[in-house]
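Asks: What follows is a predicted protein model with its sequence.
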Amino acid sequence: MAFNEQPRTYAAAHFALELDGKRDVGLFKSIEGGGVKADVMTYQNGANYERWRSLGKQKYEDLKLQVGMAMSPPFYQWIEQFFTGKGERKNGAIVAADFYYNERARREFTEALIKELTFPKLDGSDPGAVYMSIGVAVEDLVFKKGGGQKLPQSPGTDQQKLWYANNFRFRLDGYDQACRRTSKVDSFTIKQNIIEHHVGGRQSPIKTPSQIDFPSLSFYVPEADAQPFFDHHTRRAMQSNREQKPSGGQTGMLEVFDHEGKTLFTLEFYGAEIFNVAPERSDAKSEEIKLVKVEVWTESMKFSYGGGPRV
């Protein structure tokens, strides 16, 4: 190929996801990872000074996607299955396109599993847009040249403009009044352990899902509303109460909605128990509302996408 016939360079301005043959799964904000590398094996024969090197088994790096509300229902259904622990596998591709939405490169993957899901920090004083980070483990990855066709527009693209950090509601059963002025919820990550099983004759390991690790949640309420949490934690922290048979924990919900009050998604959690109630740092010169940080552990969670009533 002559120099003047080389493909034109481009700036990857748009990224799309394909799942199980569906091209309109959606556009996302960013992607990282997804490289292919191999171990380097070093050999030395007896007393010889020379050493020889060869390639070992190849490895595929995890994909990390940053997404908002611009994906289509099949993608969020995949997330819903992740919370059940079933480990649903998907085949698909990451498509990179130029500024004009023309496909320029593809990364096709097989047997993909969601490995972790990070929810952003929510803050009642922050009007900015927020995104989820999703880690995906794959068993095989192939780089291909793009076909040049236009990327399809996801029907949920416009909804990304509706997810802001300050549009949320946090609930903990039994503490409706105490939670009604929750101002912040810290970022948290749900992880599923992935076990690699090496089989003779395969260049890459088979990846199998294991147990899910559900995190603790941290939320902030005004000190004026925090007394029920202090009282509950004091009762539960007493030795006599700790020896009592566990009650099975409490339930709660984190609800995210748009500026019109329509629910974008809900995250229900179960088996929750308060294990820390701590006032924020006090400063005589501060004019901010005094907050109290409340931490609860969780035993399981359930993710539900959209479809909720207006609040």
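Replies: Perfect, I can see it now.
Asks: element containing the closest residue to residue 87 other than its chain neighbours, please.
Replies: Computed as CB to CB, 6 or more residues apart in numbering, the closest residue to residue 87 that is not its neighbour in sequence is residue 209, at 3.2 Å. Backbone N, C-alpha and C define where each C-beta goes, glycine included. Per DSSP states H and E: residue 209 is located in strand 206-213.
Asks: That strand packs against which elements?
Replies: Helices and strands touching strand 206-213, by 3 or more CB pairs under 8 Å, 6 or more residues apart in numbering; DSSP states H and E, are strand 103-119, strand 188-197.
Asks: Which of these sits closest to residue 257?
Replies: Counting by CB to CB, residue 257 lies closest to strand 103-119 out of these; the figure is 14.8 Å.
Asks: so what's the closest residue to residue 115 other than its chain neighbours up against?
Replies: Sequence neighbours aside, residue 135 is the residue nearest to residue 115 in space, at 4.2 Å (criterion: CB to CB, 6+ apart). Residue 135 sits next to 62-64, 114-117 when contact means CB atoms under 8 Å, 6 or more residues apart in numbering.
Asks: can I get those residues in CSV with distance to residue 41?
Replies: Listed next are the contacts of residue 135 as CSV, based on distance: CB to CB, whole Å:
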residue, distance to residue 41
62, 23
63, 26
64, 28
114, 32
115, 27
116, 30
117, 35
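Asks: quick one: which of those is most hemmed in?
Replies: Sorting the contacts of residue 135 by how many neighbours each has (other CB atoms under 10 Å) puts residue 114 first, at 24 neighbours.
Asks: and that residue, bridged to which residues?
Replies: Beta-bridge partners of residue 114, counted by DSSP bridges, are residue 136.
Asks: pLDDT at it, what is it?
Replies: You'll see residue 114 listed with a pLDDT of 94.
Asks: any idea how far the residue nearest to residue 115 is from residue 236?
Replies: 34 Å (CB to CB, to the nearest Å).
Asks: Please apply the same query to residue 251.
Replies: Residue 251 sits 17 Å away from residue 236 when distances are taken as CB to CB.
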